[in-house]
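> Show me the folded form of this:
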Amino acid sequence: GHNSNSNNNNNNKNGSSLDSPSNLPNNALHMMRQTQASKLLLNLDKYKNAVNDENGGVVDVDKPTPINLAEERVDLVDCKKELSFNQRDMEKQIERDRELMQQLSAVIRPASRRNFELEKNLMVLDKQIQLLIQNMISLQELNDLAGGVFTIDAPAAGQRKSPLLGKKKLYEQLFHILQKEPKYFASLAKHVRAREVSDYVKTVVFDMYGDQYDSREERLLLTLFQMVLQQSFDEAQDIGSQLRANNAITQMLSAYARRGQGLGILRDILEKPIREMVNQTSLNLEINPVEVYKQIINSYEAKMNKGWDSVRNPTSDEAAENKYVKRLIPPRVKQLEYIAEHFVQRIIETVDSVPFGIRWICRQLAEMAQQRFPDADRYQIGGLVGGYIYLRFFNPVVVTPESVHFVDKKLTKTMRRNLILVAKILQNLSNGVEFRDKY
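Model (predicted):
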């Protein structure tokens, strides 16, 4: 505000700028109140602690230093220009936009039809490939189905016919039933032998229900997961053993978590912090006293060009008491804590971005665990859910980021060890268990 009446009078005479609302004419004040939605921002915070004096000026009570977010002086002419527009020009612009939309629509429509036709053709080819069933359907049957596009020699005398000859319709019905009724695959899950797990998972997750953008297939696959998880809980003796074995169920859940959409979310969450870690080539987070001691020996001998003149193979306690080890470990622990906290915060802040299917599985785990183990507390149930989503979703990417192209260089032994240490901390946190050792 201003304490001088003469300044206010001069501003009123000029008529080009006004310092306070009390000096504005009524019609100007009315116009300014109606323009709050315009791009022009008015900062009136400076008048919060001000009162009017007898002559209409503004007297500052406690004279605070204003923090101005916009210009304090408002030119009414500029304000009027800001609010005015040419209606005819606006209508012309709307008409041009409408014509552009019509042109784009004319381009999109045939492309959309073509895309639909290609999708239908792709579905036909997909069914034909499924009917082959590892070459058990004869080439003659495939040729008949494809409209005779292949040149086929006459079968040799005595050649054994395919056992599926003439049974295409039956196998089509079989595939249809298997996909529509996930209970059959769910029943097979616990009978799959170790050497068959990989083929079973591929068949279920990527062949039978491989279209992750098809809501029907996604719903059927989640229903299958619900069935196999319920079977697993019904047979479980304690909550701590759930989802720990490397069987068909856990591998299906892992494969599902790493499909296209899930991998994109993982990239958004973890690629940046992982790249930041591996780009720091001098970063060393090793905190095991014995390993730190060995690194000290190697560094000493490389720099001094002579052998280490002390104990070379100490015990863990002996290494921990070494003065150099005691000097190196504390700052590494703090750095490790900071990095792990950074990972945790990125995961927590982006939890809503995690694909619906994975969050749905987490809910099923929590509800089934509560029903099967009513005496389990929230930490045990949380450990089960956290163990699944971290171990099956986040952990593989943290430990081996090059497998999903999050890093574009070969990791050194130290870089790998850094990632493993961070992964261990995150895994213990997600499981809700205490750290069993210091390293």
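
> name the helices or strands packed onto the helix or strand hosting A423?
A423 is part of helix 413-431 when elements are defined by DSSP states H and E. Contacts defined by 3 or more CB pairs under 8 Å, 6 or more residues apart in numbering; DSSP states H and E place helix 413-431 against helix 260-279, helix 323-349, helix 378-389, helix 395-399. Where C-beta positions appear, they are placed from N, C-alpha and C, glycine not excepted.

> Okay, buried residues for the second one please.
In this case it means helix 323-349. By neighbour count with 16 or more other CB atoms under 10 Å, helix 323-349 contains the buried residues V325, L328, I329, R332, L336, I339, A340, F343, I347.

> now it: mean pLDDT?
Mean pLDDT, computed over helix 323-349, is 91.

> can you give me the angle it makes with helix 378-389?
If you take axes from the mean of the first three to the mean of the last three CA atoms, to 10 degrees, helix 323-349 sits at 90 degrees to helix 378-389.

> any idea which helix or strand comes after helix 323-349?
Taking DSSP H and E, what comes next after helix 323-349 is helix 356-372.

> which residues sit against that following helix?
For helix 356-372, the surrounding residues in contact (CB atoms under 8 Å, 6 or more residues apart in numbering) are 218, 221-222, 225-226, 229-230, 233-234, 236, 239, 242-243, 253, 256-257, 262, 376, 380-381, 384-385, 388-389, 393.

> Now for the nearest residue to K202 once chain neighbours are set aside, how many residues are close by?
With CB to CB, 6 or more residues apart in numbering as the criterion, K202 has its nearest non-adjacent residue at 7.8 Å, and that residue is A255. The tally of other residues near A255 (other CB atoms under 10 Å) stands at 17.

> Then D317?
9.

> which SS class is it?
What DSSP: H, G, I helix; E, B strand; the rest coil gives for D317 is helix.

> And it, how close does it get to V325?
Going from D317 to V325 by CB to CB, to the nearest Å gives 11 Å.

> all helices for the stretch 101-250 of the chain, in order.
139-145, 168-180, 183-189, 197-201, 215-235, 248-257 (DSSP state H, counting those that start in this stretch).

> right, and the ones you listed - which one's nearest S430?
Among those, helix 248-257 comes nearest to S430, with 13.8 Å by CB to CB.

> which residues are contacting that closest one?
Outside of helix 248-257, the residues within contact range by CB under 8 Å, 6+ apart are 189-190, 192, 197-198, 200-202, 204-206, 221, 225, 228-229, 232, 243-244, 262, 357-358, 361, 388, 392-393, 396.

> Give the buried subset of those as a ChimeraX selection command.
Of those, the buried ones can be selected in ChimeraX as follows, counting by 16+ other CB under 10 Å:
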select :189,192,197,200,201,204,205,221,225,228,229,232,243,262,357,358,361,388,392,393,396
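
> show me where pLDDT drops low in this structure?
Residue ranges of the chain with pLDDT under 70: 1-75, 78-85, 109, 112-113, 115-117, 119-120, 123, 126-166, 260, 433-439.

> mind running it again at 50?
Applying pLDDT under 50 to the chain picks out residues 1-25, 27-72, 134.

> hang on, the earlier thing: for the helices and strands packed on helix 413-431, which one sits closest to L426?
Using CB to CB, the helices and strands packed on helix 413-431 put helix 323-349 closest to L426, at 6.1 Å.

> from what I can see T350 touches E271, true?
No: with contact defined as CB atoms under 8 Å, T350 does not reach E271; the gap is 11.9 Å.

> who has more neighbours, those two?
A direct count of neighbours by other CB under 10 Å for T350 and E271 places E271 higher, at 16 against 13.

> Next, count neighbours for the closest residue to that one other than its chain neighbours.
In space, and not counting its chain neighbours, E271 is closest to F406: 4.7 Å by CB to CB, 6+ apart. F406 has 19 neighbouring residues, counting by other CB under 10 Å.

> Quick check: which element contains F406?
Under the criterion DSSP H and E, no helix or strand holds F406.

> how close does it get to K272?
As judged by CB to CB, F406 and K272 stand 9 Å apart.

> try I348
15 Å.

> I347 too?
From I347 to K272 the distance is 12 Å (CB to CB).

> Could you do P182 as well?
From P182 to K272 the distance is 37 Å (CB to CB).

> same question, E286
The value you get for E286 to K272, if CB to CB is used, is 23 Å.

> Give me the more crowded residue out of these two.
Under the criterion of other CB under 10 Å, the comparison of E286 against K272 puts E286 first, with 19 against 13.

> Could you pull up the contacting residues of the more buried one?
By CB under 8 Å, 6+ apart, the neighbours of E286 are V292, Q295, R332, T414, R417, L421.

> And the contacts of the strand or helix carrying the first one?
Meaning V292. Assigned by DSSP H and E, V292 belongs to helix 289-304. Helix 289-304 is contacted by residues 284, 286, 307-308, 312, 314-316, 319-320, 322, 324-325, 328-329, 439 when judged by CB under 8 Å, 6+ apart.

> And the furthest pair within the residues you listed?
It's G307 and Y439 that sit farthest apart of these, by CB to CB, at 26.8 Å.

> Please say which of those two ends up with more neighbours.
Y439 (15 against 9).

> quick one: A320 and S254, what's the gap?
Taken as CB to CB, the span from A320 to S254 is 37 Å.

> residues touching V385, list them.
Neighbouring residues of V385 by CB under 8 Å, 6+ apart: C362, L365, A366, A369.

> Now the buried members of those residues.
Neighbour-count burial (16+ other CB under 10 Å) applied to those gives C362, L365, A369.

> Nearest residue to I249 in space, please, no chain neighbours.
V228 is the one closest to I249 (CB to CB, 6+ apart), at 5.1 Å.
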